[in-house]
Every structure is written in structure tokens, then in C-alpha cells.
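Visitor: based on what follows, work out the 3D shape:
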Amino acid sequence: MNKESKIQIVAELHDKLKQAKAVFLADFRGMNVEKATQLRNDLRKAEVEYKVVKNTLLELASRETDKAVLNPHYTGPTAVALTSSDPVAAAKVLSRYAKEQQATFKLKAGVLSGKVMTVPDIQALAELPSREVLLAKLLGTIQAPTTNFVGVLAAVPGSFVRVLNAIRIQKEGN
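Guide: Predicted coordinates for the structure are as follows:
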């Protein structure tokens, strides 16, 4: 790889690191081609870009970004997963592979909104419900007071009608 191509790779990676909401690092030592291809496909479905990059190039690219906090983790074979959409989806796929392929695929660290995430943090993020489920819960919480209020308002005339009906039945019985 010549100097010009390295400069281009660093510039592209720098832009991607700046735009990424979350970045995860993994050690893929010993992972076979079939499993690596499957991982790439699953990550692509979750809108995650997965690359194997030299540590020195990754360190250069992360300068002047909030991802520079990952520099101590650039050791050994390093794969980087970048996402600009849903960090939870990326964490779910990576955590699942880390559990299934314990001998060959290990998470190192991550960064979300400029904060370093340890492996347990990434696993905790992976256990969160999806964005859609969280939005549905929020919507249900927002709608609950309105729904309860409408129920109370509807109960008042219903009770009034039942009382009138009881009075009518009582008067008919006399």
C-alpha cells in the first residue's frame, strides 16, 4: 500500500468516524471466512459498516474526533463497526456474535456520543429494546392520561343514564 492510498484511507475513515453515532472495536483473531461473511451481512442489514483497518491508520483517522478515546484499544487485529443510525441494532449483532464465537470474535470497546463503552456496557446496550419498541412505549405513556380522561368523561353520562333507568323501573313498579 503506497502513501497516497494510505492518506486516502485515513481521510475517508476520518469522515466516517466524525459522522458515526457509535463505533465498536472487536478482535476477530481466528474467525473463518464463512463466519466473517455472515457477520458482515448481518451488520449490513443493521446499517452498520464493518472494516478491518490497520491500527496506525485507525489512530490517525480518529484524531480530532470524539472517537480518539478508543486509542488505547488499537492493539492486535482490530475490526471497526461504524453506525450512523441505530447503535442498539449494531450492539445486538456484535454481542450475539461475541457470545456465539467466543474463541474467535471478542469485543474490545466502543464509543457512543463521545463516551467510552466497555464490553459489559455494549452488552447492556444490546439488551435494550429496539427503537420502535421504545417509541411505542413512549406513545402509550403519552396517550394513557388522555385515554383515562375520556373514560372518566364517558362514565359520568353512563352513570346518569343508569340512575334514570333505575328510577324509571322503580316508578313503573309502583
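Visitor: and the average pLDDT for the one helix or strand Lys99 maps to is what?
Guide: Taking DSSP states H and E as the criterion, Lys99 maps to helix 87-100. Helix 87-100 shows a mean pLDDT of 88.
Visitor: helices or strands next to that helix in the packing?
Guide: Contacts defined by 3 or more C-beta pairs under 8 Å, 6 or more residues apart in numbering; DSSP states H and E place helix 87-100 against strand 22-27, helix 33-45, strand 48-52, strand 79-83, strand 106-112, helix 119-126. Backbone N, C-alpha and C define where each C-beta goes, glycine included.
Visitor: gap between the second one and the chain center?
Guide: Relative to its chain's centre, helix 33-45 lies at 18 Å (C-alpha atoms, centre = their mean, to the nearest Å).
Visitor: how about stretch 52-72?
Guide: The mean C-alpha position of stretch 52-72 is separated from the chain mean by 21 Å, C-alpha atoms, centre = their mean.
Visitor: dump it to PDB, restricted to CA.
Guide: Output of stretch 52-72 as PDB, limited to C-alpha atoms (Å, rounded to 0.1, in the frame of the first residue of the first chain):
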ATOM      1  CA  VAL A  52     -10.700  -4.300   9.200                       C
ATOM      2  CA  VAL A  53      -8.200  -1.500   9.500                       C
ATOM      3  CA  LYS A  54      -4.500  -1.200  10.500                       C
ATOM      4  CA  ASN A  55      -4.300   0.200  14.000                       C
ATOM      5  CA  THR A  56      -1.900   3.000  12.900                       C
ATOM      6  CA  LEU A  57      -4.300   4.200  10.200                       C
ATOM      7  CA  LEU A  58      -7.200   4.000  12.600                       C
ATOM      8  CA  GLU A  59      -5.300   6.000  15.200                       C
ATOM      9  CA  LEU A  60      -4.500   8.700  12.600                       C
ATOM     10  CA  ALA A  61      -8.100   8.800  11.400                       C
ATOM     11  CA  SER A  62      -9.600   9.100  14.900                       C
ATOM     12  CA  ARG A  63      -7.500  12.200  15.700                       C
ATOM     13  CA  GLU A  64      -9.600  15.400  16.200                       C
ATOM     14  CA  THR A  65     -12.800  13.300  16.600                       C
ATOM     15  CA  ASP A  66     -14.600  12.100  19.800                       C
ATOM     16  CA  LYS A  67     -13.600   8.600  18.800                       C
ATOM     17  CA  ALA A  68      -9.900   9.300  19.700                       C
ATOM     18  CA  VAL A  69     -10.800   8.000  23.200                       C
ATOM     19  CA  LEU A  70     -10.500   4.500  21.700                       C
ATOM     20  CA  ASN A  71      -6.700   4.800  21.000                       C
ATOM     21  CA  PRO A  72      -5.700   2.600  23.900                       C
END
